[in-house]
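> Structure, please.
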Amino acid sequence: MTAGTALSLIASSKTLALRIIALIQRHPGVIAIFGFLSGVASFVLVDRQAGLAKVLALVLLVSWLWLVLENVLRERIAARFGFELPRPLLRYATQMIHQESLFFVLPFFFITTTWNSSQALFSGLLAAAALVSITDPLYYKWLAPRRWIFLAYHTLALFAVMLTALPIIFKLNTTQSYQYSLAAAVVLSFPSLFSIITVRKWWRGLLLVGLTLAIGAFGWVTRTWVPPATLWLTEVAITTEFDNQNRSPGEGIDSLSVSQLRSAGIYAYTAINAPRGLDERIYHVWEHNGQELERIALDIHGGREKGYRAWTHKKNFPQDVVGDWQIQVLTDAGQMIGVLRFEVTPDAAAAGSADQTPAEPQSPTPADNEAEPPAAVEPAEPVEQVEPPGEPEAQPADQPSGAPASADQPKNQ
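Below is the predicted model of the structure:
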């Protein structure tokens with residue numbers, strides 16, 4: 001290649017770059033719309049999005065390295081090739097990465113968020129970050145000039161993408177994905193802190209390390225605020241009846257009387273969507289008036305279109321059962337997948353007699369607080385996740401009343 005040809009290519013590249021910048025300036029919403037639509041498409045095609053998730057995670061990591069080493073790399077490229085990359089092009093490229101990444105993860109987090117919990121804070125923060133990425137005055141005049149905030153913003157986007165991508169690409173469970181994503185966020189936060197803390201004395205170095213570790217500790221303590229991006233409930237039911245043959249719940253209820261509860265017990269049914277090939281341990285945590293009574297482990301497997309079905313059946317209850325009940329569906333790390341709620345009301349006859357003669361409070365006996373028999377979870381299905389006809393039903397293993405709760409082991413008959 002002659003020198004004239006090289007100069008011609010450089011001039012053409014600069015002209016093309018300037019045209020792209022002008023096009024983006026005229027239609028700033030196009031990138032955001034593209035990012036949002038591709039995010040929704042990826043969410044719908046969850047089994048086929050591993051490639052896009054991998055590319056986004058890699059692009060975010062490379063772009064983060066570029067942001068940290070931007071000045072050095074620009075000088076090296078200019079010295080080596082005699083061509084300086086236009087700053088506007090780099091800014092718009094970074095903005096496009098942020099838009100694509102944030103709108104890619106938003107559908108996952110929005111459907112997995114329990115909105116009446118602290119998870120709404122994290123999902124709300126992601127939504128605010130996405131809005132900033134498509135609002136040029138905020139992005140360029142407020143965010144970009146503040147370098148440490150800009151790096152923190154980029155780290156948040158990478159953290160969210162890794163939480164979504166790792167279970168899909170590497171089949172890591174949510175606990176492993178959170179640990180690796182948090183570790184990456186802690187490492188990437190170091191340059192942000194380094195830019196605001198000048199290490200001139202030894203105690204400033206200790207402060208820098210301490211703040212970095214504090215970010216990691218804060219991220220782990222507040223992990224319950226972060227939704228499990230790739231796990232969500234597709235069907236839930238609180239019911240007193242269950243069809244073991246078809247593994248389907250009866251009519252759902254939101255309240256029942258004390259006598260109904262003690263005569264039939266209660267089923268908590270959940271169908272959980274997970275990426276194909278993912279094995280996950282979840283928990284049904286039974287709570288009465290805010291007090292945890294039992295925590296039952298269930299192992300689920302991803303890939304079933306309608307979600308992997310798991311249920312727990314509670315028969316043994318304390319003496320005082322009136323009030324609000326809820327079953328929290330949690331991951332092994334304590335992230336909430338969803339909540340089922342129901343209310344137990346006094347029997348009509350008991351309520352009438354209580355109006356005449358107040359009942360004396362009674363202390364629960366040890367037998368009243370004994371754990372329920374183990375819960376039931378459907379047996380593992382074929383790889384195609386299709387239920388063949390005549391598949392043996394799953395039932396709770398027979399166990400004497402008062403036996404301790406354990407991880408569910410179905411009894412095939």
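
> Now do the domain split for the chain, please.
Domain ranges of the chain: 10-225, 232-412, per automatic domain parsing.

> Least reliable of those domains by average pLDDT, please.
Confidence, taken as mean pLDDT, is least for domain 232-412 of the domains of the chain (a mean of 74).

> quick one, phi/psi of residue 318?
Main-chain torsions, residue 318, degrees, to the nearest 10: phi -70, psi 170.

> Quick check, it in contact with residue 286.
No - assessed by C-beta atoms under 8 Å, residue 318 is found out of contact with residue 286, at 10.9 Å. C-beta: built from backbone N, CA, C; applies to glycine.

> Among these two, which residue is more densely surrounded?
The neighbour comparison of residue 318 against residue 286 (other C-beta atoms under 10 Å) goes to residue 286, with 24 against 13.

> what sits against the more buried one?
Residues counted as contacts of residue 286 (C-beta atoms under 8 Å, 6 or more residues apart in numbering) are 268, 292, 293, 294, 295, 296, 312, 314, 325, 327.

> what's the answer for residue 130, then?
99, 102, 103, 106.

> could you dump these to TSV with neighbour count and secondary structure?
Shown next, in TSV, are the contacts of residue 130 (neighbours: other C-beta atoms under 10 Å; DSSP: H, G, I helix; E, B strand; the rest coil):
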residue	neighbour count	secondary structure
99	24	helix
102	28	helix
103	24	helix
106	22	helix
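
> What ranges does this structure have for its strands?
Secondary structure of the chain (DSSP state E): strands at 232-239, 242-243, 248-249, 255-257, 266-273, 279-288, 291-301, 308-314, 323-331, 336-345, 376-377, 394-395, 411-412.

> thinking again about what came up before, top of the contacts of residue 286 by number of neighbours, please.
Neighbour max across those (other C-beta under 10 Å) = residue 312, 27 neighbours.

> That residue and residue 324, how far apart?
Distance, residue 312 to residue 324, by C-beta to C-beta, to the nearest Å: 18 Å.

> can you give me the end-to-end distance of stretch 212-230?
This stretch, stretch 212-230, spans 28 Å end to end (C-alpha to C-alpha, to the nearest Å).

> And the contacts of that stretch?
For stretch 212-230, contacts defined as C-beta under 8 Å, 6+ apart pick out 46, 105, 108-109, 112-114, 118-119, 121-123, 160, 163-164, 167-168, 174, 178, 182-183, 185-186, 189-190, 193, 274-275, 278, 331, 333-337.

> Residue 109 and residue 234: what is the separation?
17 Å.

> ditto for residue 102
Following C-beta to C-beta, the distance that separates residue 102 from residue 234 is 25 Å.

> Over to residue 333?
Distance, residue 333 to residue 234, using C-beta to C-beta: 21 Å.

> Which residue ranges of the protein form helices?
3-26, 29-44, 50-68, 70-81, 87-112, 119-133, 136, 147-170, 174-194, 202-221, 258-264, 348-356 (DSSP state H).

> buried set for the longest one?
So the one you mean is helix 87-112. Buried positions in helix 87-112, judged by neighbour count with 16 or more other C-beta atoms under 10 Å: 88-90, 92-109, 112.

> same check, this time on stretch 333-342
So for stretch 333-342, counting by 16+ other C-beta under 10 Å, buried means 333, 335, 336, 337, 338, 339, 340, 342.

> contact partners of that stretch?
Contacts for stretch 333-342 (C-beta under 8 Å, 6+ apart): 112, 114, 117, 119, 174-175, 178, 223-224, 226-228, 231-233, 236-238, 253-256, 266, 268, 270, 272, 282, 324-331.

> Buried ones among these?
112, 114, 119, 174-175, 178, 223-224, 226-228, 231-233, 236-238, 256, 266, 268, 270, 272, 282, 325-331.

> quick one on the thing from earlier: I'd like to know which of the contacts of residue 130 is nearest to residue 148.
residue 102 (19.4 Å; C-beta to C-beta).

> Next, the contact list for the closest one, please.
So residue 102 contacts 35, 126, 129, 130, 133, 157, 160 (C-beta under 8 Å, 6+ apart).

> May I ask which of those has the most neighbours?
For these, the largest number of neighbours (other C-beta under 10 Å) sits with residue 160, at 28 neighbours.

> thought that one was touching residue 107?
No - using C-beta under 8 Å, residue 160 makes no contact with residue 107, being 11.8 Å away.

> Give me the nearest residue to residue 186, chain neighbours excluded.
residue 216 (4.2 Å; C-beta to C-beta, 6 or more residues apart in numbering).

> Neighbours of that neighbour, how many?
Residue 216, neighbours per other C-beta under 10 Å, totals 15.

> any idea how far residue 210 is from it?
Distance of residue 216 to residue 210, computed by C-beta to C-beta: 11 Å.

> One more: residue 164?
From residue 164 to residue 210 the distance is 30 Å (C-beta to C-beta).

> Compare those two (neighbour count), which wins?
residue 164 (30 against 12).

> can you pull the contacts of that one?
Counting by C-beta under 8 Å, 6+ apart, residue 164 touches 53, 104, 105, 108, 109, 229, 230.

> out of these, who's nearest residue 346?
Residue 346 has its nearest neighbour among these in residue 109, at 40.4 Å by C-beta to C-beta.

> What number of residues are in the vicinity of the closest residue to the closest one other than its chain neighbours?
In space, and not counting its chain neighbours, residue 109 is closest to residue 123: 4.8 Å by C-beta to C-beta, 6+ apart. Each residue near residue 123 was counted by other C-beta under 10 Å, and the total is 24.

> got a list of what residue 123 touches?
Counting by C-beta under 8 Å, 6+ apart, residue 123 has contacts 109, 110, 113, 115, 227.

> Count the neighbours of the fourth one for me.
Using other C-beta under 10 Å, the number of residues around residue 115 comes to 10.

> residue contacts, it?
When contacts are counted by C-beta under 8 Å, 6+ apart, residue 115 is found next to residue 123.
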